[in-house]
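>>> Sequence and predicted structure, then a few things I'm wondering about:
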Amino acid sequence: MDAMESLSFAQRQRLAFIDFSLQYFGQVSRQDLIAKFATGLAAATRDFASYRDLAPHNMELVHQTKRYHRRAEFSPLFDHDPEAILHGLANGFGDGLSHPIMPSTVCLDAVQLIHPDTNIIAAVMRAIAHKQAIAVTYVSVSSGETQRELVPHTLVNNGQRWHVRCFDRTHQVFTDFVVTRFKAVTQSATEPFDHELQDKDSYWQKLVSLVLIPHPSLTHPEAIALDYQMSEGELVLSCRAALAGYLLRQWSVDCSAQHQIRSGVCQLALKNHTILSEIEHLAIVPGGKT
């Protein structure tokens, strides 16, 4: 068995932290590991010994600082996801669970204006986990405060806010509700019916391919191709039909038939325009009605 495969999940998490710290901060100490994982000194010592066994050339102990420093021949032991890395750097590694988030001063994430109520999130997640229906007090922009019965199946961040994908018993359709607009959530007395469950949500089950290209109006399209790591001037994304509209709006993708949006807002354009007939929430898509 490979040495890495023999490690427990908890051990891999601790060794990944050592690897991460060495790669991005250049040093790490046993006290860092203890503070992060609330482990003991002896356990931390064993973790550093295990890491050294797996990657003997990655670090060296500098006695003056009592810290392990990154060596020039360092080679990462773990593949760290770029988005998770930046998020971790921006938040100073606080997980928001047992450790408070301590924002970084040298790597800043986008300012978040919307912060869901954790009690609402918890109630919705319990309903999802146990496949239960919920009764909610909901406030919409168009209808104001209403009472709804919903059967939720997934929480989704659409790039701006969190919403819950669910079956709406009032209108008998699968749709999305913004989580921050829930004023109250309780369990419904009625169990979900088969037609209200996730596998019957056709837009959710359907995958579509979006072919994105630099907007034809750009003078230097290569800059956008580099931004999105395009291949031969195209970026092909596969996503759920229920979420495609949010993605196209979030990234200001010109979806008009002739790419007619010339205001400079759209740096991307949708090449396969006909795919719009297969996605949901077309009204929010830039140029989706043209």
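Received the coordinates, thanks. Residues are numbered from 1 along each chain as shown.
>>> residue ranges of the strands in the stretch 151-290 of the chain, please?
162-168, 173-178, 182-187, 207-214, 235-240, 253-254, 268-270 (DSSP state E, counting those that start in this stretch).
>>> what residues are up against the nearest residue to Leu155 once chain neighbours are set aside?
With Cβ to Cβ, 6 or more residues apart in numbering as the criterion, Leu155 has its nearest non-adjacent residue at 5.5 Å, and that residue is Val164. The C-beta positions use only the backbone N, C-alpha and C, and glycine is treated the same way. Neighbour list for Val164: Val124, Leu150, Pro152, Thr154, Leu155, Val156, Asp176, Phe177, Val179 [criterion: Cβ atoms under 8 Å, 6 or more residues apart in numbering].
>>> Can you tell me how far Val164 is from Val179?
The spacing between Val164 and Val179, counted by Cβ to Cβ, to the nearest Å, is 6 Å.
>>> shared neighbours of those two, anything?
Shared contacts of Val164 and Val179 (Cβ under 8 Å, 6+ apart): Val124, Leu155.
>>> re earlier: most widely separated two among the contacts of Val164?
The largest separation in these, counting by Cβ to Cβ, is between Leu150 and Val156 at 14.2 Å.
>>> so Ser50 touches Gln11, yeah?
Yes. With contact taken as Cβ atoms under 8 Å, Ser50 and Gln11 are classed as touching, separated by 7.0 Å.
>>> what residues do these two have in common as contacts?
Looking at what touches both Ser50 and Gln11 (by Cβ under 8 Å, 6+ apart), there is no common residue.
>>> Give me the residue ranges of the stretch 51-200 of the chain where confidence is low.
82-111 (pLDDT under 70).
>>> among the strands of the stretch 151-290 of the chain, which is nearest His69?
Within those, the stretch nearest His69 is strand 235-240; the backing value is 39.0 Å (Cβ to Cβ).
>>> Which parts of that closest one count as buried, going by neighbours?
Applying a neighbour-count criterion of 16 or more other Cβ atoms under 10 Å, the buried positions in strand 235-240 are Leu235, Cys239, Arg240.
>>> which non-adjacent residue is nearest the second one?
Spelled out, it's Cys239. Taking Cβ to Cβ, 6+ apart as the measure, Cys239 lies nearest to Leu247, with 5.9 Å between them; neighbours along the chain are not counted.
>>> Could you pull up the residues touching that neighbour?
Counting by Cβ under 8 Å, 6+ apart, Leu247 makes contact with Gly159, Leu210, Leu237, Cys239, Val253.
>>> and the gap between the second one and Pro286?
What that stands for is Leu210. Leu210 sits 13 Å away from Pro286, going by Cβ to Cβ.
>>> Spell out which residues are contacts of both of these two.
Leu248, Val253.
>>> Looking at the contacts of Val164, which one is closest to Leu282?
Asp176 (13.8 Å).
>>> Find the nearest non-adjacent residue to that closest one, please.
Leaving aside its sequence neighbours, Asp176 sits nearest to His163 (Cβ to Cβ, 6+ apart; 4.4 Å).
>>> Please look at that neighbour and Thr154 and confirm they touch.
No. Taking contact to mean Cβ under 8 Å, the distance of 9.4 Å between His163 and Thr154 leaves them out of contact.
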